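Asker: build the 3D model from these lines:
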Amino acid sequence: GVLARIGAPSSPGSSAVVNTPPDYPTGAGAHPDYPTVAGTPTGSPTSPISPISPISPSSPTSPNSSTGSSIPPLLVIPGGTGNSFYKAVWGDMEWKDVVSSLLNESMGRAIDEGINGVGVRYIDLGWIEELNTTFILGASAGIFRHILMEATHMTSIPGRERYQKAAMEVLNAVELFEAEIRVDGSVLAAGRFVLVAVGGARYRGGILPILPLSELNDGLLDVCAVSAQRREDAMSALLQVASGEHIGQPGIFYSKGSTVEVSSEKALPLEYDGEICSQELYDCHLKILQGVLPVISVPN
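Answerer: The predicted model follows:
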């Protein structure tokens, strides 16, 4: 989905900026399907659209709900491929209904005042220590990376259908990897996996409910590790994930925590927010950044 900050154009030297549509130059983490969170601001000082400022673990947490925030909140619209972040914020609500709700006088006042929980939600981000970058939807090791790589060759196929087609191609030759996953310092699982997903949004690619218990602002990272000893086991487990009924099933390890570590003796097949990781990482440390991103949403 495309993100836009609602507010005045940023002035020279200002850090109050907005996210960009895919046509704009962006920094690390850019992908047509997912909002850019970490990047180098490249927009004109007088332009109303420029990449969002980098956020780090030292960034302040959410503002006091009684005083609001001076940072304009983000509006998410479905301008991407999977639009998973739009789905995370608005569910199945049509974007035209979203816009109509924002024209409501009381909602507009709540947004202007940045009232937490009324017109604005302060959502969590994830942080990848080794890459010095943030993510909104999630980061993963395993099959999601392979699906993204396959999808780069299918640009003629629109929307979520592209990911579906890519997934079918990848499943025919699914690759497994060895890893150990720790949550808040304790071992969650170790062995052979087809997917280890960490994040805050329930869906990836707009269709796969990999983290069904996740909340955008609970201050925790959700972790789902899908183990498999053989390719046949992997396909069966992934079908369970696609149905959303995988929690509690054999070979599915699910947990929540403020820190997650994934380590392997071989380079991890990583992606984050739909960005294929180009670095070879054998250890990946992730942590939660609680309530750092103001997003416009309706109550409940």
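Asker: tell me what Tyr254 is bridged to.
Answerer: Cys224 (DSSP bridges).
Asker: who's in contact with it?
Answerer: 213, 222-225, 247-248 (Cβ atoms under 8 Å, 6 or more residues apart in numbering). Every C-beta, even on glycine, is put in place using the N, C-alpha and C of the backbone.
Asker: how about a cut-off of 10 Å?
Answerer: By Cβ atoms under 10 Å, 6 or more residues apart in numbering, the residues touching Tyr254 are 183, 188-189, 197, 210-213, 222-226, 246-248.
Asker: now, of these, which are buried?
Answerer: 183, 188-189, 197, 210-211, 222-226, 246 (16 or more other Cβ atoms under 10 Å).
Asker: in three-state terms, label Arg145 for me.
Answerer: helix (DSSP: H, G, I helix; E, B strand; the rest coil).
Asker: burial count for it?
Answerer: The number of residues packed near Arg145 is 22, by other Cβ atoms under 10 Å.
Asker: pretty sure Tyr163 sits in a strand.
Answerer: No - counting by three-state DSSP, Tyr163 falls outside a strand, being helix.
Asker: pull the number of nearby residues for it.
Answerer: A count of nearby residues for Tyr163, using other Cβ under 10 Å, gives 26.
Asker: out of the contacts of Tyr254, which sit inside strands?
Answerer: 183, 188-189, 197, 222-226 (DSSP state E).
Asker: the host helix or strand of Thr134: partners in the sheet, and parallel or antiparallel?
Answerer: Following DSSP states H and E, one finds Thr134 within strand 133-135. Neighbouring strands of strand 133-135 in its sheet, by DSSP bridges, are strand 120-128 (antiparallel).
Asker: mean confidence for the strand it pairs with?
Answerer: Averaged across strand 120-128, pLDDT comes to 92.
Asker: how far away is Pro294 from Leu221?
Answerer: Note on Pro294: its distance to Leu221, by Cβ to Cβ, to the nearest Å, is 20 Å.
Asker: the more surrounded of these two?
Answerer: Using other Cβ under 10 Å, the more surrounded residue of Pro294 and Leu221 is Leu221, with 27 against 24.
Asker: contacts only, for the closest residue to Val226 other than its chain neighbours.
Answerer: Sequence neighbours aside, Leu195 is the residue nearest to Val226 in space, at 4.4 Å (criterion: Cβ to Cβ, 6 or more residues apart in numbering). By Cβ under 10 Å, 6+ apart, the contact list for Leu195 reads 140-146, 174, 176-177, 204, 208, 210, 224-228, 234, 237-238, 241, 269.
Asker: again, only this time at 6 Å
Answerer: Counting by Cβ atoms under 6 Å, 6 or more residues apart in numbering, Leu195 makes contact with 142-143, 226.
Asker: ditto for Ala225
Answerer: 181, 189, 193, 196, 253.
Asker: and those, which is closest to Gly274?
Answerer: Val196 (16.3 Å; Cβ to Cβ).
Asker: that closest one: neighbouring residues, count only.
Answerer: Val196: 30 neighbours (other Cβ under 10 Å).
Asker: check it and give its pLDDT.
Answerer: So Val196 comes in at 96 (pLDDT).
Asker: if we can go back for a sec, which of the ones in strands among the contacts of Tyr254 sits closest to Trp90?
Answerer: When the ones in strands among the contacts of Tyr254 are compared for distance to Trp90 (Cβ to Cβ), Asp222 wins out at 19.7 Å.
Asker: contacting residues for the closest one?
Answerer: Taking Cβ under 6 Å, 6+ apart, one finds 211, 214, 256 in contact with Asp222.
Asker: how near is the residue nearest to the first one when sequence neighbours are not counted to Phe144?
Answerer: Excluding its sequence neighbours, the residue lying closest to Leu211 (Cβ to Cβ, 6+ apart) is Asp222, at 4.3 Å. According to Cβ to Cβ, Asp222 and Phe144 sit 15 Å apart.
Asker: if anything else comes up later, I'll come back, but that's it for now.
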